[in-house]
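Chemist: Sequence first, predicted model second:
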Amino acid sequence: DAGVTQSPTHLIKTRGQQVTLRCSPKSGHDTVSWYQQALGQGPQFIFQYYEEEERQRGNFPDRFSGHQFPNYSSELNVNALLLGDSALYLCASSWGDRLMNTEAFFGQGTRLTVV
Amino acid sequence: GEDVEQSLFLSVREGDSSVINCTYTDSSSTYLYWYKQEPGAGLQLLTYIFSNMDMKQDQRLTVLLNKKDKHLSLRIADTQTGDSAIYFCAETENTGGFKTIFGAGTRLFVKA
């Protein structure tokens, strides 16, 4: 079992560009959550996908959007990149319609640098 | 709004106990967690506690919850150099949502 896999591991983009990050959940998991972790900070919740729909969203602008596919994998898209979007983007997967995420597993993250 | 606060640094000697503290503001929190993050790695769930519990012990880890003061602590017994990492306190709100709120993390240094 590969666990949660994210791609790419590192990415450099220019201000104003668009980026797509990808996440494959752990086998058996159907829920994907995305977090942004700026340097020296804790992860900030972006949104969560379940059954191909966005279930809940954190305080992030509409430039941040996502998608979940029938195979439960997910993409995070960020448009009109700003320097402040530079961060480690973490994906977490879990199972089912649960209130808690005690079974959540995190990927290694994608390090996005905006220049 | 929700907020989770932690001290930023803790330094201990190998073999001593480490105690990492956290305070949270959301009284509706249902689950509280401790995660570990090593350099260049994702987050590893260490342990969690239900909000109706006071204490949970798991091998070298002891979690204490004071719900009245909204204070959570993680004690690591016999701290080893391999325990050096950033430790995050987190809570999941109980408002029908699934959002987990993280603190900024406590960097633990273990001196040999």
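Modeler: Right, received. Where do you want to start?
Chemist: Next up, identify which helix or strand the residue in chain A positioned nearest to chain B is on.
Modeler: Nearest to chain B, among the residues of chain A, is residue A:42, at 3.5 Å (Cβ to the nearest Cβ). The way it works is simple: take the backbone N, C-alpha and C, and place the C-beta from them, glycine included. For residue A:42, there is no host helix or strand (DSSP states H and E).
Chemist: From what I see, it and residue B:107 are in contact.
Modeler: No. With contacts counted by Cβ atoms under 8 Å, residue A:42 stays clear of residue B:107, the gap being 11.9 Å.
Chemist: Between these two, point out the one with more neighbours.
Modeler: Between residue A:42 and residue B:107, counting by other Cβ atoms under 10 Å in any protein chain shown, residue A:42 is the more crowded of the two (21 against 18).
Chemist: hang on, the earlier thing: which residues sit in contact with the nearest residue to the residue of chain A closest to chain B once chain neighbours are set aside?
Modeler: Closest residue in space to residue A:42, ignoring its immediate chain neighbours: residue B:102 at 3.5 Å, by Cβ to Cβ, 6 or more residues apart in numbering or on different chains. By Cβ atoms under 8 Å, 6 or more residues apart in numbering or on different chains, the contact set of residue B:102 is A:35, A:42-44, B:4, B:35, B:88-90.
Chemist: Show me the strands in the chain, by range?
Modeler: Since no chain was named, I'll use chain A. Along chain A, counting by DSSP state E, strands occupy A:5-7, A:10-13, A:19-24, A:31-37, A:44-50, A:53-57, A:64-68, A:74-78, A:87-94, A:105-106, A:110-114.
Chemist: nope, chain B
Modeler: Taking DSSP E, the strands of chain B run over residues B:4-6, B:9-13, B:18-24, B:31-37, B:43-50, B:55-58, B:61-66, B:71-76, B:85-92, B:100-102, B:106-111.
Chemist: Kindly report the residues of chain B close to chain A.
Modeler: Residues of chain B lying near chain A by Cβ under 8 Å from any Cβ of the partner chain: B:4, B:30-31, B:33, B:40-45, B:48, B:88, B:90, B:92, B:94, B:97-105.
Chemist: Produce a PyMOL select command limited to the buried residues of those residues.
Modeler: Isolation of the buried members of the residues of chain B next to chain A (16 or more other Cβ atoms under 10 Å in any protein chain shown) is achieved in PyMOL through the command below:
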select buried, chain B and resi 4+31+33+42+43+45+48+88+90+92+97+98+99+100+101+102+103+104+105
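Chemist: May I see the strands of chain B organised as a markdown table, with mean pLDDT added?
Modeler: Listed next are the strands of chain B as a markdown table, based on pLDDT from 0 to 100:
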| stretch | mean pLDDT |
| --- | --- |
| strand B:4-6 | 94 |
| strand B:9-13 | 97 |
| strand B:18-24 | 96 |
| strand B:31-37 | 92 |
| strand B:43-50 | 90 |
| strand B:55-58 | 94 |
| strand B:61-66 | 96 |
| strand B:71-76 | 97 |
| strand B:85-92 | 93 |
| strand B:100-102 | 88 |
| strand B:106-111 | 97 |
